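A.B. asks: Just a sequence and a predicted model for now, questions to come.
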Amino acid sequence: MEIEKTVEGLIKGVIEENNYILDSVSYLYEDGNNFLRVVIDKLGIIDIDDCVCVSKLINPILDREDPISDNYILDVCSKEKGCD
């Protein structure tokens, strides 16, 4: 829970400034990998381009602030379609 709150605090502002909604942040271990899963939403239809956009917005912040010491996969997905 601590990691999720820290990450949320780092990325929520830039997500909202770009007209997206941060639905949730979770740090999970699945299939031998750590995942930082960021679920986003917006008014209207959200698609893969939105997920790519948000990923590009938050990646530099996460790289600079380095809130997670382990290696992980950043997974940005939509609330509507879920994450794989």
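C.D. replies: Done, it's in.

A.B. asks: which non-adjacent residue is nearest Glu4?
C.D. replies: Among residues not flanking Glu4 along the chain, Val25 sits closest, at 4.6 Å (CB to CB, 6 or more residues apart in numbering). Every residue, glycine included, has its C-beta placed from N, CA and C.

A.B. asks: swap that for Thr6, please
C.D. replies: Distances taken as CB to CB, 6+ apart place Pro67 nearest to Thr6, at 4.8 Å, with adjacent residues excluded.

A.B. asks: Low-confidence regions, the protein specifically.
C.D. replies: Applying pLDDT under 70 to the chain flags the ranges 80-84.

A.B. asks: rerun at 90
C.D. replies: Along the chain, segments meeting pLDDT under 90 span 1, 79-84.

A.B. asks: Now do the buried residues in whichever helix in the chain runs longest.
C.D. replies: Ranked by residue count, the top helix of the chain under DSSP state H comes out as helix 48-65. Within helix 48-65, the residues that count as buried by 16 or more other CB atoms under 10 Å are Asp50, Cys51, Cys53, Val54, Ser55, Leu57, Ile58, Ile61, Leu62.

A.B. asks: Off-centre distance for the very next helix or strand once past that helix?
C.D. replies: Using DSSP states H and E, the helix or strand that follows helix 48-65 in sequence is strand 73-78. Averaging C-alpha positions (CA atoms, centre = their mean, to the nearest Å) puts strand 73-78 5 Å from its chain's average.

A.B. asks: what's the angle from strand 73-78 to helix 48-65?
C.D. replies: Using axes from the mean of the first three to the mean of the last three CA atoms, to 10 degrees, one finds that strand 73-78 and helix 48-65 are set 140 degrees apart in direction.

A.B. asks: quick one: contacts of strand 73-78?
C.D. replies: Strand 73-78 is contacted from outside by 33-41, 46-47, 50-52, 54-55, 58-59, 62, 83-84, using CB atoms under 8 Å, 6 or more residues apart in numbering.

A.B. asks: Pretty sure Leu10 sits against Leu62.
C.D. replies: Yes. Using CB atoms under 8 Å, Leu10 is in contact with Leu62, at 7.0 Å.

A.B. asks: what residues are shared contacts of these two?
C.D. replies: With CB under 8 Å, 6+ apart, Leu10 and Leu62 have no common neighbours.
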